[in-house]
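>>> Could you look at this predicted model? Sequence included:
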Amino acid sequence: MDVKWDDLVGSALLGTERRRPPGVVGDAQEAAAGLLDAAASGVVRRRAGLTPGVAGERPRPAPADRRPPLPDAARRRLAMLLADRAGDGSRAWRRGAAPNLAELLPQWLGAARAEGYAAPPELLPALLDAARARTDLRADALALAGPRGLWLAELNPDWKFALRAGRAGAAPGRVAEEPEAARRLWEEGLFAERVALLTRLRLADPAAALDLLASTWRGERAEDRLMFLDSLRTGLGPADEEFLEEALSDRSRNVRATAAELLSALPGSALAQRMAARARSCVSLGPDGIMVEAPYECDAAMERDGVAAKPPSGRGERAWWLGQLVDAAPLAVWPARFGGRTPEQIVALPVLDDWQGDLHAAWCRAAVRQRDPAWARALLGPPPAPAAPVAAVGDPAKLLSILPVRERAEWVADFIATHGLSEAFQMLGVCAVPWSDRLGAAVIDALDVARDVGSYPWSFSGVMGLAERCLDPAAADRVALLAAAPEERPDSAPGASAYWAEAFQRLTGTLRLRALMLAELRPGSTAPGSPGRAENE
């Protein structure tokens, strides 16, 4: 007697004492055996009764990747880095003297991308998995994966992110050359795809990107309008003024504020000129220095131009309004306002009635917004003297980011030589990588001094991490001289000397490994300070 499969499953779940399928007889033990026999027969019938499935369409062949393959040593290195990527790269300060391979993977990918190599086909799955797990790897990983990586991503739903990034992240020139594809993606794509598309298109054709945004602007959600508007920072120019002026009347306060900020970065815009007139009425030069008469109210016209009426907690209204007017005014206003003085001479003028902090802070924000190196240089001044306080108006790191690369490194090197590393972390983060010889030497010397004076070692772990990524690999031999553990100082933290020695050993090993990685990507080059391959593999 045939027994339905569902009846057998029900009896197995409830037990044969509560439900016996038809045809199963006997006591409890016999009924259980009979149920298993019936299930065995049922499995055979179910398997034998399956009809063959229809064969699916074969995947299209993978596209050709005509880029050169990785050298053998570099291919082995990539395999090792990908295999280790699951290791915990965020361990506590005591992570041993071995280099952190998880932190070396992004550097390797960036260097391989710059060299124009194609990823080995057998490593594409691991490369896509790494890019899926870490968004900071995606741009370089997908560029290295190339067209075959996108082909493979079409076959695995876990890698859908690569398809979105691949379409939206196409080369700017290619996006500009395919307007229909760009418009289709703009109208049908996901939000992240559309933001990426807009940003890429702004690099190649700012006007076309603006037209694309304007075509759907009124139908976008407020939070989406804000992100799209922020994309206009790329390629921002006078042609964007009309659109941004209309955005000043947007129903979203955040959109209005962003539009006003972008317009204030265009010194020739009508908004910048309105702000300039307001700022001039508040700031003038008297016989004893700069005089400030802050606004007494924030009228509707000021609010439409992006001035926030309500100050943050602890900030006075008049100072809050003054700061917004000054940081939105073109910096070119002030030399004419102050008798043709240079930015250095203006910054050196005394500001009466305790308004100096507010005025200089607003000028700092204006210099960053308008990317004005002359004003950034004047507001930074030379690095403070040893006895002078380190605190400065504004954000030194943001001001430094405007200066030329070499000047930036020289300023930070002088600062570290005078004040050490305790205030320099953000400044180091805006310096070009690899650090210049002088900046790298200043960092190494400051770490050596910190160890010798018995400084608490773990407070320098962030700088050590930066040094592992940013020091020139040629500095490895110099760092190696510091790796020997000195005698424990009586006034130092327990274990501090061992930590310092371990940290310098790890830094030495990381620099040598970085040098070796670069040499493997460039066959025939010499890796300074790197040991032979047998010592590392």
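That came in fine, so what should we check first?
>>> and the residue nearest the centre of the chain, what does it touch?
The centroid of the chain falls nearest to D136 when counting by Cα atoms, centre = their mean (6.6 Å). Contact analysis of D136 by Cβ atoms under 8 Å, 6 or more residues apart in numbering lists P106. Heads up, the C-betas are built off the backbone N, CA and C, glycines and all.
>>> likewise the one 10 residues further on?
For G146, the residues meeting the contact criterion (Cβ under 8 Å, 6+ apart) are 65, 67, 118-119.
>>> any idea how far the residue nearest to A374 when sequence neighbours are not counted is from W334?
Distance criterion Cβ to Cβ, 6 or more residues apart in numbering; nearest residue to A374, sequence neighbours excluded, is P343 at 5.2 Å. Between P343 and W334 the computed distance is 8 Å (Cβ to Cβ, to the nearest Å).
>>> Same question for P120.
In terms of Cβ to Cβ, P120 sits 58 Å off from W334.
>>> neighbour count winner among those two?
Between P120 and W334, W334 has the larger neighbour count (other Cβ atoms under 10 Å), namely 24 against 18.
>>> List the contacts of R20.
Going by Cβ under 8 Å, 6+ apart, R20 touches 11, 31, 35.
>>> what do you get for A64?
P147.
>>> how does it look with 10 Å?
118, 146-148 (Cβ atoms under 10 Å, 6 or more residues apart in numbering).
>>> In terms of helices and strands, where is M291?
In this structure, M291 sits in strand 289-292 according to DSSP states H and E.
>>> cool, G509 as well?
helix 496-521.
>>> What helices and strands are in contact with that helix?
Applying 3 or more Cβ pairs under 10 Å, 6 or more residues apart in numbering; DSSP states H and E, one finds that helix 496-521 contacts helix 72-84, helix 101-115, helix 437-452, helix 461-470, helix 476-480.
>>> who wins for proximity to P383 among the ones you listed?
Taking Cβ to Cβ, helix 437-452 is the member of the helices and strands packed on helix 496-521 nearest to P383, at 11.0 Å.
>>> next helix or strand past the helix or strand of the chain with the lowest mean pLDDT?
The weakest-scoring helix or strand in the chain, judged by mean pLDDT, DSSP states H and E, is helix 172-177 (a mean of 52). Using DSSP H and E, the helix or strand that follows helix 172-177 towards the C-terminus is helix 179-188.
>>> how much space is there between the residue nearest to A374 and A376?
Distance of P343 to A376, computed by Cβ to Cβ: 9 Å.
>>> Comparing those two, which shows the higher neighbour count?
More neighbours surround A376 than the other of P343 and A376, with 25 against 21 (other Cβ under 10 Å).
>>> Quick check: buried residues in stretch 73-80?
73-75, 77-78, 80 (16 or more other Cβ atoms under 10 Å).
>>> can you list contacts of stretch 116-123?
The contact list for stretch 116-123, computed with Cβ under 10 Å, 6+ apart, reads 62, 64-72, 74-76, 78-79, 82-83, 109, 111-113, 124, 126-128, 130, 141-149, 152, 521.
>>> List the buried residues in stretch 202-213.
Across stretch 202-213, burial judged by 16+ other Cβ under 10 Å covers 202, 204-206, 208-210, 212-213.
>>> for stretch 421-430, same thing?
421, 424, 427-428, 430.
>>> would you list every one of the strands in the stretch 301-450 of the chain?
Taking DSSP state E, counting those that start in this stretch as the criterion, the stretch 301-450 of the chain carries no strands.
>>> Distance of the residue lying closest to V433 once chain neighbours are set aside relative to S264?
Closest residue in space to V433, ignoring its immediate chain neighbours: C470 at 4.7 Å, by Cβ to Cβ, 6+ apart. In this view, C470 and S264 are 33 Å apart by Cβ to Cβ.
>>> what's P382 in contact with, if anything?
P382 makes contact with 411, 414-415, 418 under the criterion Cβ under 10 Å, 6+ apart.
>>> Any chance of the residues you listed in CSV with neighbour count, pLDDT and distance to D354 as columns?
Formatted as CSV, those follow (neighbours: other Cβ atoms under 10 Å; pLDDT from 0 to 100; distance: Cβ to Cβ, whole Å):
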residue, neighbour count, pLDDT, distance to D354
W411, 22, 96, 29
D414, 16, 95, 30
F415, 23, 95, 27
T418, 16, 92, 28
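>>> Return the member of these nearest to M227.
Looking across these and measuring by Cβ to Cβ, the closest to M227 is W411, at 34.1 Å.
>>> Hmm, that closest one is touching L380, no?
Yes - judged on Cβ atoms under 10 Å, W411 makes contact with L380 at a distance of 6.9 Å.
>>> low-scoring stretches of the stretch 51-200 of the chain, by residue?
Low-confidence segments of the stretch 51-200 of the chain (pLDDT under 70): 85-96, 164-178.
>>> again, 50 this time
Within the stretch 51-200 of the chain, the segments meeting pLDDT under 50 span 87-94, 168-170.
>>> same question, the chain
Low-confidence segments of the chain (pLDDT under 50): 87-94, 168-170, 527-537.
>>> Now, the buried residues of stretch 202-213 that are in strands?
Among these, DSSP state E puts none in strands.
>>> Pick the one among the residues you listed closest to E57.
In terms of Cβ to Cβ, no member of the buried residues of stretch 202-213 lies closer to E57 than L212, at 34.7 Å.
>>> circling back to that earlier point, name the residues contacting each of P343 and A376.
Shared between the contact lists of P343 and A376 (criterion: Cβ under 10 Å, 6+ apart) are residues 363, 367.
>>> What is the helix or strand harbouring G10 packed up against?
Assigned by DSSP H and E, G10 falls within helix 5-14. Judged by 3+ Cβ pairs under 10 Å, 6+ apart, helix 5-14 is in contact with helix 28-48.
>>> angle of the helix it packs on against helix 5-14?
On the basis of axes from the mean of the first three to the mean of the last three Cα atoms, to 10 degrees, helix 28-48 is oriented at 140 degrees to helix 5-14.
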